[in-house]
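**Q** 3D, please:
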Amino acid sequence: MTISVRLNDADTKLIKTYAEMNNISLSDLIRIAVLEKIEDEYDLKCYEKSLEEYNANPETFTLDEVKKELGL
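**A** Predicted coordinates:
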């Protein structure tokens, strides 16, 4: 699939320079950057949900308790 992105001259120069400095294609740089952004936001949402669940029920378990529960 092909995706077009409109950039101003300054952004284009910065992105091209960064890609060249890191010996990576523009396509790979943009793909990696977008995927990392998505992963970071997903991780943050998971953290927020976990914190919300913990605050609602702050029960914790020791490592030994978890191992016993899982039969390890």
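
**Q** just the buried positions in the longest helix seen in the chain, please.
**A** Longest helix in the chain by number of residues, with DSSP state H as the criterion: helix 26-56. By neighbour count on 16 or more other CB atoms under 10 Å, the buried set for helix 26-56 is Leu29. C-beta coordinates here come from the backbone N, C-alpha and C atoms, glycine included.

**Q** can you list the helices and strands that that helix packs against?
**A** Contact here means 3 or more CB pairs under 8 Å, 6 or more residues apart in numbering; DSSP states H and E; on that basis helix 26-56 packs against helix 9-21.

**Q** my guess is Ser25 contacts Tyr18. True?
**A** No - if you go by CB atoms under 8 Å, Ser25 and Tyr18 don't touch, sitting 11.7 Å apart.

**Q** more crowded one of these two?
**A** More neighbours surround Tyr18 than the other of Ser25 and Tyr18, with 13 against 10 (other CB atoms under 10 Å).

**Q** for that one, what are its contacts?
**A** By CB atoms under 8 Å, 6 or more residues apart in numbering, the contact list for Tyr18 reads Leu29.

**Q** where does the chain have low pLDDT?
**A** The chain contains no residues with pLDDT under 70.

**Q** kindly recompute the last result at 90.
**A** Along the chain, segments meeting pLDDT under 90 span 1.

**Q** coming back round to it: any idea which helix or strand comes after the longest helix of the chain?
**A** Using DSSP states H and E, the helix or strand that follows helix 26-56 in sequence is helix 63-70.

**Q** quick check: which element contains Leu7?
**A** Using DSSP H and E, no helix or strand contains Leu7.

**Q** identify the residues contacting the closest residue in space to it that isn't next to it in sequence.
**A** Once flanking residues are discounted, Leu7 sits nearest to Ile15: 7.0 Å by CB to CB, 6 or more residues apart in numbering. For Ile15, the contacting residues are Leu7, Leu26, Leu29, Ile30, by CB under 8 Å, 6+ apart.

**Q** and Ile15, how far from Leu29?
**A** To Leu29, Ile15 is 7 Å away according to CB to CB, to the nearest Å.

**Q** what do the two both touch?
**A** Among the neighbours of Ile15, none is also in contact with Leu29 (CB under 8 Å, 6+ apart).

**Q** that concludes my questions; thank you for your assistance.
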